[in-house]
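**Student:** predicted model and sequence follow; I will ask about them next.
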Amino acid sequence: MFYIDDSGAEDTGWAVFAWIECTFPNWSNGLRAWLDLRKSLYAQYQIPPSAELHATQFINGRGKPSQNPGVNISKRARQEVAERALATICACAELHVGAVYRQTPARKKAYAVERDATYVGLVDHLDTRLGVAGENGMIIMDGNGTASGAYYAAHRGLKLSSRNLIEDPLFVPAHRSAWVQMADFVAWTTYQCLQRHPGKRFTWDWYDRYLRACDVNGGPVEV
């Protein structure tokens, strides 16, 4: 199973799709690791397990995820929580991550085309991996089902007789899925590693420190 979220921005030209993956037998162990983290975050930072952790909003200081006002206004506390989330993902032996990306000078509609092409590259990459392993898999993404038709087209473009990714992408809102929230942190962290924005210098080594060791490809793949 591949839980996927995207990151990047038109103004930087980066398009990133990242995932967290597990096998069906290991699904419950992976989820347990995250739920245990959420319990500890509630005990230490008063962030309820039901509060959505969205990397961009959370790390940039938006919203009031904690019942403790001091945590909500603390950049350090938010960074600590983000790093604990990443450490939890990679510490769980049943979980692996990965990412594909491209950078383009295209903007507006042309950027959207490049972003869609990046997703096609993702689908091809995962389908090929599954074929080599002799396995089947499915993609679950952040969304409410109103996404661009390009996502569906990428799956239906696979040859039916040999495809290994089954079905169209399944969309689940992030606030309802711990897995999609995990994928969001992976995508955002990968993006920060790639673009190296001066204002996010504190995140530049997060990918190397927390995710590279559990990346199935050893690093983000350009497509």
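**Tutor:** Received, thanks. Residues are numbered from 1 along each chain as shown.
**Student:** now the most centrally placed residue in the chain: which helix or strand?
**Tutor:** Among the residues of the chain, the one closest to the centroid is Ala183, at 2.5 Å (CA atoms, centre = their mean). Of the helices and strands defined by DSSP states H and E, Ala183 is found in helix 178-195.
**Student:** contacts for the next helix or strand after that helix?
**Tutor:** Note on helix 178-195: by DSSP H and E, the next helix or strand toward the C-terminus is helix 206. Contacts to helix 206, defined as CB atoms under 8 Å, 6 or more residues apart in numbering, come from residues Ala82, Glu83, Leu86, Thr189, Gln192, Cys193. For the C-beta atoms, the positions are set from N, CA and C on the backbone; glycine is no exception.
**Student:** hmm, try it at 10 Å
**Tutor:** With contacts defined as CB atoms under 10 Å, 6 or more residues apart in numbering, helix 206 is touched by 79, 82-83, 86-87, 185, 188-190, 192-193, 200, 212.
**Student:** surely the residue nearest to the centre of the chain and Asp6 touch.
**Tutor:** Yes: at 9.2 Å, Ala183 counts as touching Asp6 under the criterion of CB atoms under 10 Å.
**Student:** how many residues are close by Gly218?
**Tutor:** Applying the criterion other CB atoms under 10 Å, we find 9 residues in the vicinity of Gly218.
**Student:** can you give me the strands for the protein?
**Tutor:** Counting by DSSP state E, the chain has these strands, from start to end: 2-9, 14-21, 96-103, 139-142, 170-172, 221-222.
**Student:** report the backbone C-alpha coordinates of the third one in PDB.
**Tutor:** Extracted in PDB, the C-alpha atoms of strand 96-103 (Å, rounded to 0.1, in the frame of the first residue of the first chain):
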ATOM      1  CA  HIS A  96       9.400   2.700   4.100                       C
ATOM      2  CA  VAL A  97       9.300   6.000   2.300                       C
ATOM      3  CA  GLY A  98      10.100   7.300  -1.200                       C
ATOM      4  CA  ALA A  99       9.700  10.400  -3.400                       C
ATOM      5  CA  VAL A 100       9.900  11.500  -7.000                       C
ATOM      6  CA  TYR A 101      10.300  15.100  -8.200                       C
ATOM      7  CA  ARG A 102      11.000  17.400 -11.000                       C
ATOM      8  CA  GLN A 103      11.900  21.100 -11.200                       C
END
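**Student:** make 85 the starting number, not 1.
**Tutor:** Sure, I'll start numbering at 85, so the last one becomes strand 180-187.
**Student:** okay, the angle between it and helix 262-279?
**Tutor:** Inter-element angle recorded for strand 180-187 and helix 262-279: 50 degrees (by axes from the mean of the first three to the mean of the last three CA atoms, to 10 degrees).
**Student:** this completes my enquiry, with thanks.
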